[in-house]
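Enquirer: coordinates only, sequence not included:
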């Protein structure tokens, strides 16, 4: 069993890289908006959406960890300055580690100008209906930079299976190949 956590700021390309990696492996993609898009039409992006999303996600993680699947790719916007996000990552890794899974951390970073372009990409908008309000989505992307640190500091991630990729000028297929080759997935 393999568990790949792809993390980075909004519109950095986590889902599209995850889609490519899933095509190149036997791993299933569970991108972070799959639960959010289910709940946000009912509850907006308020506390109930986040509470239920976490419940659903952890049930899916447990089911996959207990299955005979090859593994999973999960995408996440990790706020490094938020203790709750660190706890979330620790909890989800524990679920897989307790079942003997190998854990791989993939951090993506890209320039803000490129992220603004990606924020409007057809693939993103097709899979994330909440991002179709482009004015709101652009504002949320920009304002999050003032409140959260969405990329790690050098040496902050201490896991042995970790790669940080600046994909400003790389397409998702190139990034997926780098990940596959780095970890032998």
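Expert: Here it is on my side, so go on. Treat the numbers as computed from the prediction; the structure is a model and nothing was measured.

Enquirer: Flag every buried residue along the helix ranked longest in the chain.
Expert: Ranked by residue count under DSSP state H, the longest helix found in the chain is helix 47-65. Judged by neighbour count using 16 or more other C-beta atoms under 10 Å, the buried positions of helix 47-65 are 49, 52, 53, 57, 60, 61, 64, 65. Where you see a C-beta, it was placed from the backbone N, CA and C, and this is true even at glycine.

Enquirer: what's the answer for stretch 152-170, then?
Expert: Buried-residue list, stretch 152-170, by 16+ other C-beta under 10 Å: 152, 157, 161, 162, 165, 167, 170.

Enquirer: Redo those residues as CSV? Include pLDDT and secondary structure.
Expert: Listed next are these as CSV, based on pLDDT from 0 to 100; DSSP: H, G, I helix; E, B strand; the rest coil:
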residue, pLDDT, secondary structure
152, 98, coil
157, 96, coil
161, 98, coil
162, 98, strand
165, 98, strand
167, 98, coil
170, 97, coil
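
Enquirer: Nearest to residue 123 among the residues you listed?
Expert: The shortest approach to residue 123 among the buried residues of stretch 152-170 belongs to residue 167, at 14.7 Å (C-beta to C-beta).

Enquirer: Name the residue closest to the centre of the protein, please.
Expert: Centroid-nearest residue in the chain: residue 75, 1.6 Å away (criterion: C-alpha atoms, centre = their mean).

Enquirer: right, and residue 64 touches residue 27 too?
Expert: No: Residue 64 is beyond contact range of residue 27, at 9.8 Å (criterion: C-beta atoms under 8 Å).

Enquirer: Could you confirm residue 73 falls within a strand?
Expert: Yes: according to DSSP: H, G, I helix; E, B strand; the rest coil, the state of residue 73 is that of a strand.

Enquirer: Next one, pLDDT for it please.
Expert: Residue 73 is assigned 98 on the pLDDT scale.
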